[in-house]
Each structure stands twice: as structure tokens, then as C-alpha cells.
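[1] Got a sequence here, can you model it:
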Amino acid sequence: MIEIADVTSRTGIPGKGKNSRGAKRFKVPKASELLAGNIRDQIIRGKLRDGDQLPAEANLMEQFDVSRPTIREAYRILEAQQLVSVTRGAKGGAVVHAPSPDLIAENTLMVLQAEGVTMSEVYLARNASEPALVRLVATNAREEAPPRLRECLAAEEQALLKDPQAFSAALDQFHATLVELAGNRPLRHLYNAISSIIAVHQALVAEQKWRNKEATQKTLAAGLRSQSKLIDLIEAGEIDKAVAHWRNHNEAAYKMWITNYEDTTVLEVLSRNS
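    Numbering: from 1, shown residues only. Purely as a prediction, here's the structure:
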């Protein structure tokens, strides 16, 4: 049996606004919101695990003295958060899902598009965070990082001989591996929210630059040599030098990818890719 607090016993939480006498109003949550909140809390705390089946609607109605529409509204709330999936019918029911990191990226991209954020801002955000990631990698993954990053580098070198889409995908994998090796989960989730749009933008820019293929490949090859130097510095335990080198690398990369695209928005990039 799932352990959900009495959804009818709470008085509510403070809300905005005042009543006619000037006192603050309180927003009283609906029973469906309280039920959904309690189920969500149990999923977060691990009391309900991925793949668990919630009790039948009739059992929940009896257990918490709520109506079937209340149960179904709670399910709709949780479905919108991708925490349960519901199938109807005699053999149907609600199945629990663990919170997905993809929601962070999806919601972040939606906000970035709505706010008219430019790709210049996105790259500057990455430039601010990646030197810190390099420090974590050099400190915590000195032995593991060099072989894995060299594997990524080899894939980039092969992709450079193919086409811009293949190269941008390989480049994105190098940066993603850096983030993974850093071992910081909050940074990984936040970085993943912007890495997808950077990958799309780089593919579009590379395709334009590929018209002058020889010059473009020469520039990109210089970037790969810079990545190789970073790996050598990490392997040698030269933490401060690795951080400084990667800061300079990102500043050069910013000019490479953003020149002539300074005012391009995230919305425009995703629209071109759709």
C-alpha cells in the first residue's frame, strides 16, 4: 500500500492577493493537487520506484475518501510531469516513472526560446562553466579522463574527414564526456540543458563554413590540437595550466562559432533545424 498523507486534512498554503479587509488570502490546494503532491514526494524519496504500480482507482477512492475525478485529475498532474503513465481499461492502471533529467533540458530550452536568448549568451554560459569542469576532471578523474578523452578526440579526427554533421556530433560528445568525468550532477544536468542547442547551432554553422572546406578543416584541426594539449595537461596533473588553457580555448572557440551569429536566437536555431 502506498503511504499518502490524508489529502483532506490540510488547510492550504499562502497565496498572492488580499481579501476585502486587506488580509492576505490563502490558496487552498485542491484534493487532487495534494494527492499528486504526496505521490510525487514518495517517488522523490524512493518509497515508490520506477515501474511500481499504483493501487487501483477504487482502492485509492476508499483509502482517501476522494472521488474518481479527483484521482484522475491527480494522475493528469503527474502525467504532465512524466512521473506516471496511465492506461485505461480492466487491465489498466498507473505506473510510476523516475524523474527524468530530460525535463530539465526541455523546460530550459522552452524558457530560452520564449525569452529570446541569443546563442552568444548560451556560449558565454558554457565558457563560464567549463573551466570549472576541467578543474574537477583534473582533480578527480586524472587517470580515467585521458584515455576516454583521447577516444573522443580520435572520433572527432575521423569525423572531420566526413561532413559537418558528423563533426559537430563528435565535438558535442567530447564536451559531454568532460562534463561526465567532472562527476558533478547539478552541473551535468544544467550543462545538458544547453549542450543540445549548441550541437544544433554548430552543425548549422559548420555546414555554412564547409563551403570553404579546406580553410574550415584547418581551423577545426587547430581546435583538436588544443583539445589534445588539454588532455596532456590533465594527465600531467597540471591543474591550473589545464584550467587556463581551456579558458583560452573556449574564448577562441566562441569567436569561431559566434562570429556573424551574435544576434541569432535559440528560437531561430531550433526553427531552422525543425
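
[2] ranges for the helices of the stretch 151-274 of the chain?
    For the stretch 151-274 of the chain, applying DSSP state H, counting those that start in this stretch gives helices covering 164-182, 185-209, 213-236, 239-258, 266-273.

[3] Would you mind putting the ones you listed into CSV with mean pLDDT, mean neighbour count and distance to Asn107 alongside?
    Where you see a C-beta, it was placed from the backbone N, CA and C, and this is true even at glycine. Putting the helices of the stretch 151-274 of the chain into CSV (pLDDT from 0 to 100; neighbours: other CB atoms under 10 Å; distance: least, CB to CB, whole Å) gives the following:
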stretch, mean pLDDT, mean neighbour count, distance to Asn107
helix 164-182, 93, 20, 19
helix 185-209, 88, 18, 8
helix 213-236, 94, 16, 31
helix 239-258, 96, 17, 25
helix 266-273, 88, 16, 13
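
[4] quick one: which of these is nearest Gly116?
    Within those, the stretch nearest Gly116 is helix 266-273; the backing value is 7.0 Å (CB to CB).

[5] re earlier: how about JSON lines for the helices of the stretch 151-274 of the chain, with distance to Ile77 added?
    Below are those laid out as JSON lines (distance: least, CB to CB, whole Å):
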{"stretch": "helix 164-182", "distance to Ile77": "32"}
{"stretch": "helix 185-209", "distance to Ile77": "23"}
{"stretch": "helix 213-236", "distance to Ile77": "45"}
{"stretch": "helix 239-258", "distance to Ile77": "40"}
{"stretch": "helix 266-273", "distance to Ile77": "28"}
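
[6] Tell me which of those lies nearest to Tyr75.
    With CB to CB as the measure, helix 185-209 is the member of the helices of the stretch 151-274 of the chain nearest Tyr75 (26.3 Å).

[7] Show me what that closest one packs onto, helices and strands only.
    helix 102-114, helix 119-140, helix 164-182, helix 213-236, helix 239-258, helix 266-273 (3 or more CB pairs under 8 Å, 6 or more residues apart in numbering; DSSP states H and E).

[8] That helix versus helix 164-182: what angle between them?
    Interaxial angle of helix 185-209 relative to helix 164-182 (axes from the mean of the first three to the mean of the last three CA atoms, to 10 degrees): 160 degrees.

[9] Residues touching helix 185-209, excluding its own?
    Residues outside helix 185-209 that contact it (CB atoms under 8 Å, 6 or more residues apart in numbering) are 101, 104-105, 108-109, 112, 119, 122-123, 125-126, 129, 132-133, 164-165, 167-169, 171-172, 175-176, 179-180, 182, 215-216, 220, 257, 261, 264, 266, 269-270, 272-273.
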